[in-house]
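Engineer: Generate coordinates for the sequence data below:
(chains A and B)
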Amino acid sequence: MGNKQTIFTPEQLDAYQDCTFFTRKEILRLFYRYRDLAPQLVPLDYTDKPDVTLPYELIGSMPELKDNPFRQRIAEVFSEDGGGNMTLDDFLDMFSVLSEMAPRDLKAYYAFKIYDFNNDDYICKSDLEKTVNKLTRNELTPEEVSLVCEKVIYEADADNDGKLSLEDFQRMIIRAPDFLSTFHIRI
Amino acid sequence: MQPPAASPGPAAPAGAELLRWQWREVQAPCLVAAWILVASLAKIVFHLSRKVTSIVPESCLLILLGLGLGGIVLAVAKKAEYQLEPNMFFLFLLPPIVLDSGYFMPSRLFFDNIGAILTYAVVGTLWNSFTTGTALWGLHRAGLMDPGVEAGLMDFLLFGSLISAVDPVAVLAVFEEVHVNETLFIIVFGESLLNDAVTVVLYKVFNSFVELGPARIHATDYVKGVASFFLVSLGGTAVGLLFAFLLALITRFTKRVRIIEPLFVFLLAYVAYLAAEMVSLSSILAVTFCGICCKKYVEANISQKSRTTVKYTMKTLASSSETIIFMFLGISAVDTSKWAWDTALVLGTLFFILLFRAVGVVLQTYVLNRFRLIPLDRIDQVVMSYGGLRGAVAFALVILLDRTKVKAKDYFVATTIVVVFFTVIVQGLTIKPLVTWLKVKRSDHHKPTLNEELHEHAFDHILAAVEDIVGHHGYHYWRDKWEQFDKKYLSQVLMRKSAYRLRDEIWDVYYKLNIRDAISFVDQGGHVLSAAKLALPSMPSRTSMSESSVTNLLRESGSGACLDLQVIDTVRSRRDKEDAAMHHVLRGSLYKPRRRYKASYSRHFISPDTQERQDKEVFRQNMKRRLETFKSTKHNVCSSKNKARLKEKGRKKKNISLTKETPNGKTHRNIPWQEAAPVLVMVSSEEEDSDSSETEREDDEGIVFIARATDEVLQGKTTPGSLDVCPSPCIIPPSPTLAEKELPWKGDQADLAVYVSSETTKIVPVDMQKAWNQSISSLESIASPPGIESGPQHRRFACPVLEEQPQSASQAMPEQSSCFQFPSHVSKSGRSQSDSSPDGAEQQELQPLMATEEQGRVLPPTAEPRWLMFNRASHL
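Structural biologist: Reported below is the predicted structural model:
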């Protein structure tokens, strides 16, 4: 860890610092973690901006994540190509959003995106159904699921269009003050 | 209390006396009893009017009452009597309160905020003492005070040290009624507990300085003062930990003398207090940590009844101590002989303690917020500053001052009384409106909206995923480490073997069942048990599995059920009901990721333990899923019969899972009905003699009788008192056995015995069922059902269901915990029928069960086994 400067050029580090909510040290720490995921893929020298992506299979197969219903969706939302393959930038982005410094709106936006399975900028019933199914591990019957989803939409849908827009979502989040307070990770 | 045996009377009695007036002998205890009685009656009176107590804190009322009573005493006796003696206060009144706080301290919350708490307790108290003391001294130097106040810097510092400590008793009494959010509460409350060490040290140091006289204080004395702080605080904590260890160890061996278990808890905690007091360590810290640390092990070791006893006794003691303290504070204030009024001193003190507390809080919060995950905002700070109530500790300390050494004692006493009264009455009265006005986040007991519930779960999962990706240990790293250590060593030493062993046995059984499943349904099994946490416990990793403590889960069934006050009194509209139903759907099936649970502390309510909830969760989910598999595949026929019945029955019965344990009980119980072939599991019968097994059984309903030899059980059954509450001990045996038929009244024991002897897995279900019955019975005792109502929130259904008539016995269990959406007719009919034939129902219940099951097998599958889905826990 002694030769930190060889990983990034100072400019790169500055750029990362500007784009994220992290300090230099944290960026480096995250980089090492990123590299730990696939030492054979990720070079130690990032000065020439190598085009490295971690395939989703690698992330999805992490034993800790085996259990997590959202692993694929998270990877998809945060990866640039939408396929769950993560570059270092994506990786940093992800934590940046989840850091304590990130504003609530940004978090809400990403949370919204995670729910929005079909990327139509609305959480519609099918999105919710997917979420519920993931959360309950397919234990509910379709009727129950759809009942729950209807209720959820009914609760939060301010403009009565039958789906939740980002505004609806944000309004709901603001209404419950410590709603997003848990939505961060301390690096 | 003893009658004087050979006390030589003043004059030799002329002859044998028929009666003798012995007031002198009983005077002291009699007075104590009278005072307690007065205080308690007063409490009742206060609570007659809801309106008064909702506005005025009880502590205020008690002080006022004390003032009144003191006035009466003064008028009658012409001299003030019945003071709050420091000795009495520190030796008898304070320990119960502190023990209660420590024992029921939401330890998670406490340790989560330990940094903030310690900062406020140590730095804050130091700051308050010194600034207040110095400022008062300045005031004195400026000549604003009466010249009669003879005090130097040291005297004022001494006074500052005793007046600046926030008082746990007062804080609890007021904050409990305010219901601010948990974090705020725990910070103020924790501070008030932990600042004891600082107060004690400062008080002692300054006291010795005053006694020495300022001329003779050397630099080493200051160093000594600092050193003694660490000694007192750490020493007090160490004493507490030591006694917690002892206590846990002792309760491990009380198997045969269950009746004195609660005694040990109180006794050892008290001894810890006295021991710390003896060597002048911080006794409050000792008891607090004794309570915090011993709880887990003690709760695991002692029986259900002892647990309840401990809980209630502790609450009672603490509550009455508190009452007496406040009342005596009022009474003591009447004694004008101790007063020496100085307006400047009083006003100055009031002003300075408020000012410096606020400044201190703001400064410290500013620093703390840099490290805190959730910063304390401005409003929190206001409440924290304002919530710094002073109380009886300050009063007792000031009374303890030596008048010859501290010349201004009378002034200090008067000031302290005024300060205490001001903080308790004025601040106590205004803090509630203030909290409302500032819109402080209350500890909201409102139900989360569906959205919140859903999204919070989603967020937790997302976070967990991201944490895992980054390999970030986070927050819970040290806690995990500690838990590892605890599991590996501490629990081994401190917890009763049986708790451990039984736990293992359950897991053994469970494990075997799982294996069986896996063999039977390879494809399904893989899917079902895919989750890492739910995976089959392989032998080496079994220790980790055993952490999902089934024992605890069972153990809690009784108390958890009956103490959940929130549920009982909720009356809801139709729409709410729908929502509730949805919540049940979600609650029951949401798979929880790791997260921390909030806990709260209250003097007057005892909340069910939140520990191990996640383990329960995993266990429950797994069991449920397993059953699902059972139903849908192998036992298609039988289950569909169950299901068909259930549907029809269930349709009529709105019912709910009554407690969070319900699903467990149910799931377990289900197994035997479905399974014809017994699974062989070796259950060791290690309880040696029958009477020990009997006591165990009586006290530790839940699990203990798993391991019992046949004959003992058979002979050992006399209806335990604990079961008396339960009108229908309907244990549904998987099959009627010979013993049962011969001894119908022993049905439940008999079938147990059979199971033990044949060593089948059904033992587990039976045990679970027992636990279930316990929880039901405890429920019943609270809410004895006058009639049958529908609605998912009504727990009363427990009893109608239990009194289900014979042929529906096999369905009784599923229905209890399920079918939240169905109207309820059958429960009524079932109840009335069972009412008509109350006796013998038990035997009937047992007999036809088998028949129905047999029939069920033949029946074609008519509907898919959906009922399981309705198995929703109500974690409320």
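
Engineer: where do the helices sit along chain A?
Structural biologist: With DSSP state H as the definition, chain A shows helices at residue ranges A:10-19, A:24-37, A:56-60, A:71-78, A:88-98, A:104-115, A:125-136, A:142-156, A:166-175.

Engineer: on contacts alone, who are the packing partners of the last one?
Structural biologist: It stands for helix A:166-175. If you count contacts as 3 or more C-beta pairs under 8 Å, 6 or more residues apart in numbering or on different chains; DSSP states H and E, helix A:166-175 packs onto helix A:104-115, helix A:142-156. To be clear about C-beta, it is placed using only N, CA and C from the backbone, and glycine gets the same treatment.

Engineer: and residue 151, how many neighbours does it have?
Structural biologist: The chain I'm using is chain A. By other C-beta atoms under 10 Å in any protein chain shown, the residues close to A:Lys151 number 22.

Engineer: um, chain B though
Structural biologist: Residues near B:Ala151, counting by other C-beta under 10 Å, number 22.

Engineer: low-scoring stretches of the chain, by residue?
Structural biologist: Unless you meant another one, I'm taking chain A. Along chain A, segments meeting pLDDT under 70 span A:1-6, A:49-50, A:60, A:62-68, A:100, A:137-139, A:174-187.

Engineer: wrong one, chain B
Structural biologist: Looking at chain B by pLDDT under 70, you get B:1-15, B:79-81, B:148, B:214, B:338, B:372-374, B:440-481, B:483, B:495-876.

Engineer: quick check: longest helix of it.
Structural biologist: If you go by DSSP H, chain B has its longest helix at helix B:219-252.

Engineer: Indicate which one of the helices and strands packed on helix A:166-175 is closest to chain B.
Structural biologist: Set against chain B and scored by C-beta to the nearest C-beta, the helices and strands packed on helix A:166-175 come closest in helix A:142-156, at 5.0 Å.

Engineer: For B:Ile302, what are phi and psi?
Structural biologist: Main-chain dihedrals, B:Ile302, degrees, to the nearest 10: phi -80, psi 170.

Engineer: Give me the residues contacting stretch A:41-57.
Structural biologist: Contacts to stretch A:41-57, defined as C-beta atoms under 8 Å, 6 or more residues apart in numbering or on different chains, come from residues A:6-9, A:12, A:31, A:34-35, A:37-38, A:72, A:75-76, A:79, A:81, A:83-88, A:91.

Engineer: Can you mark which positions in it are buried?
Structural biologist: Buried residues in stretch A:41-57, counted by 16 or more other C-beta atoms under 10 Å in any protein chain shown: A:42, A:46, A:53-54, A:56.

Engineer: Closest one of these to A:Tyr122?
Structural biologist: Closest approach to A:Tyr122 among those (C-beta to C-beta): A:Tyr56, at 25.0 Å.

Engineer: Look up how far chain B lies from the spatially closest residue to the closest one that is not a sequence neighbour.
Structural biologist: Nearest residue to A:Tyr56 in three dimensions, chain neighbours excluded: A:Gly84, at 3.2 Å (C-beta to C-beta, 6 or more residues apart in numbering or on different chains). Distance of A:Gly84 to chain B, computed by C-beta to the nearest C-beta, to the nearest Å: 12 Å.

Engineer: OK, contacts around A:Gly84?
Structural biologist: A:55-56, A:59-60, A:72, A:75-76.

Engineer: can you check B:Asn128 too?
Structural biologist: Residues counted as contacts of B:Asn128 (C-beta under 8 Å, 6+ apart) are B:160, B:164-165, B:353, B:356-357, B:360.

Engineer: helix or strand for it, which one?
Structural biologist: helix B:125-141 (DSSP states H and E).

Engineer: List the buried residues in that helix.
Structural biologist: Buried residues in helix B:125-141, counted by 16+ other C-beta under 10 Å: B:125-137, B:139-140.

Engineer: Can you tell me which helices and strands the helix or strand in which B:Phe352 is found packs against?
Structural biologist: For B:Phe352, the host element (DSSP H and E) is helix B:343-369. In terms of contacts (3+ C-beta pairs under 8 Å, 6+ apart), helix B:343-369 is packed against helix B:125-141, helix B:153-163, helix B:378-386, helix B:409-421.

Engineer: Report the buried residues of the third one.
Structural biologist: Translated: helix B:378-386. For helix B:378-386, by 16+ other C-beta under 10 Å, it's B:379-386.

Engineer: Touching that helix from outside, list them.
Structural biologist: By C-beta under 8 Å, 6+ apart, helix B:378-386 touches B:120, B:180, B:183-184, B:187-188, B:354, B:357-358, B:361-362, B:365, B:376, B:427, B:430-431, B:434-435, B:438-440.

Engineer: In helices, which of those residues appear?
Structural biologist: Mapping the contacts of helix B:378-386 onto helices (DSSP H) picks out B:183-184, B:187-188, B:354, B:357-358, B:361-362, B:365, B:430-431, B:434-435, B:438.

Engineer: returning to that earlier point: can you tell me which of the buried residues of helix B:378-386 is nearest A:Ser96?
Structural biologist: Using C-beta to C-beta, the buried residues of helix B:378-386 come closest to A:Ser96 at B:Asp380, 27.7 Å.

Engineer: From B:Asn181, how far off is that closest one?
Structural biologist: Distance, B:Asp380 to B:Asn181, by C-beta to C-beta, to the nearest Å: 8 Å.

Engineer: residues in contact with A:Ile153?
Structural biologist: With C-beta under 8 Å, 6+ apart, A:Ile153 has these contacts: A:125, A:128, A:162-164.

Engineer: quick revisit: and which of the buried residues of stretch A:41-57 is nearest to B:Phe46?
Structural biologist: Distances from B:Phe46 to the buried residues of stretch A:41-57, taken by C-beta to C-beta, are shortest for A:Tyr56, at 64.8 Å.

Engineer: Fine by me, we can end here.
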